[in-house]
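make a model of this:
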Amino acid sequence: QEQLVESGGGLVQSGGSLSVSCAASGFTFSSYVLSWYRQAPGKERELVASITGRGDVTSYADSVKGRFTISRDNAKNTAYLQMNNLKPEDTAVYYCNARFGIRNHWGQGTQVTVSS
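Below you'll find the model as predicted:
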């Protein structure tokens with residue numbers, strides 16, 4: 001069964017750092033583009049960052065560029081999002097997504113809260 005499980009969310013003060021992880025199972029992880037999305041209360045889910053299957057190309061939303069870093073370890077079937085200089089507006093549930101053609105998998109999400 002295909003599965004993505006996020007972990008590592010929590011509460012952090014503004015300006016702090018946090019790393020979230022996404023562990024995959026049940027599919028060929030290295031073939032999938034991996035993305036992190038987030039959804040704040042009352043807002044639509046937005047794309048934060050993406051990384052290709054090989055990990056050689058990354059992209060970021062303008063709002064997180066220079067502060068967040070997406071990475072993956074295909075040997076461990078795990079992806080990461082390192083978040084630095086966090087701001088209260090980064091508060092959201094963070095979801096990982098794996099996509100390969102029409103195949104699309106979502107995790108259950110992990111809460112990140114940034115206090116001012």
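
strands along this structure, start to end?
For the chain, the strands defined by DSSP state E cover 3-7, 10-13, 18-25, 33-39, 46-51, 58-60, 68-73, 78-83, 92-100, 103-106, 110-115.

grab the most central residue of the protein for me.
What sits nearest the mean C-alpha location of the chain, by Cα atoms, centre = their mean, is residue 36, with 3.0 Å.

ok, it to residue 110 distance?
10 Å (Cβ to Cβ, to the nearest Å). C-beta here means a position set from N, CA and C on the backbone, and glycine is covered the same way.

between the two, which contacts overlap?
20, 94 (Cβ atoms under 8 Å, 6 or more residues apart in numbering).

picking that back up, pipe the strands of the chain into TSV and attach mean pLDDT per row.
Below are the strands of the chain laid out as TSV (pLDDT from 0 to 100):
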stretch	mean pLDDT
strand 3-7	97
strand 10-13	98
strand 18-25	98
strand 33-39	98
strand 46-51	98
strand 58-60	98
strand 68-73	98
strand 78-83	98
strand 92-100	98
strand 103-106	96
strand 110-115	98
